[in-house]
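> 3D model of this:
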Amino acid sequence: MPLTVDGRRLEHLDIPGESPALVLLHEGLGSARLWRGFPTALAEATGRRVLAFSRFGHGDSDLPPRPRTPSFMHEEARDVLPAVLDHLGIERPVLVGHSDGASIALIHAAEHSTDRVVAMAPHVFVEPVCLAEIRAVRDQYAGGLRDRMARHHRDPDAAFHGWNDVWLHPDFPRWSIEDLLGLIAVPVLLVQGEHDQYGTMAQLDRIEAAVSGPVERVHLDARHAPHLEAPEAVLEAVARFVLRPAGAPPSRAA
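You can find the predicted model right below:
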């Protein structure tokens, strides 16, 4: 079925399967299609329904209704994601987020009913290393990155600047979701590349120290996109976490 929120269309992929559904939330320059083969592999490994959608301004989705602000991840978690879930009849989802999408997943899980959360390369506060990398990416945009993004986004300028400009906004270094982490009581799987150019293990440390539910950590020989750089390890870890019975002890961190 077409997916619309506030009269605007969102590109999405919906693979049938059992409940609770896995809802994939992409990174800052991502889209539903840029998950590549991960949604299908996850559906096959778990037997679950898998939903991936492109946020406004990404992929083939319509443009956002208003310019983004440093609060955009809160707005996605509190306004857009609940509307998407309601439209598609999804209750208590397993949220699988990457980077900005992981932050959105954590915000949503703090304030809404979820089954569990997978957070890959999450951001819960702003690190200087992240801002330095985002500044470097801005310098690359006119030098070929725009052409590459145009293959995956209807409006590459909207996708890029809707992410880059906000992260480099003067107010953004003060952004944090640490005040919400204590409200998360469901199981959380944290996945981080050991060579992530956008963040350090301090992000995982803050989450593990603050949430009230059980936490499992997986550290991989990867950079910022472990599901693409170490797909077999990520798929195995996520499938095991998703299918573990409620109350079962978490696996030892890798």
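
> can you give me the end-to-end distance of stretch 213-223?
Distance across stretch 213-223, first residue to last, is 27 Å (Cα to Cα, to the nearest Å).

> any idea how far it is from the chain center?
How far stretch 213-223 lies from its chain's middle: 15 Å, per Cα atoms, centre = their mean, to the nearest Å.

> buried set for the helix or strand hosting residue 43?
Using DSSP states H and E, residue 43 maps to helix 38-46. By neighbour count on 16 or more other Cβ atoms under 10 Å, the buried set for helix 38-46 is 38, 39, 41, 42, 43, 46. Quick note: C-beta positions are derived from backbone N, CA and C, even for glycine.

> so what's the third one up against?
Applying Cβ atoms under 8 Å, 6 or more residues apart in numbering, we find residue 41 in contact with 231, 235.

> cool, the fourth one as well?
Shown here is residue 42, whose contacts under the criterion Cβ under 8 Å, 6+ apart are 22, 24, 48, 50, 96, 235, 238, 239.

> Could you do the second one as well?
With contacts taken as Cβ under 8 Å, 6+ apart, residue 39 has the following neighbours: 13, 15, 24, 50, 52.

> Let's see that with 6 Å instead.
13, 50, 52 (Cβ atoms under 6 Å, 6 or more residues apart in numbering).

> Which strands or helices does the strand or helix carrying the first one pack on?
Just to be clear, that refers to residue 13. Assigned by DSSP H and E, residue 13 belongs to strand 12-15. The contact analysis (3 or more Cβ pairs under 6 Å, 6 or more residues apart in numbering; DSSP states H and E) places strand 12-15 against strand 48-53.

> After the strand it packs on, which helix or strand is next?
Going down the chain from strand 48-53, the next helix or strand is helix 72-75, by DSSP H and E.

> For that following helix, which helices and strands make contact with it?
Packing partners of helix 72-75 (3+ Cβ pairs under 6 Å, 6+ apart): helix 100-111.
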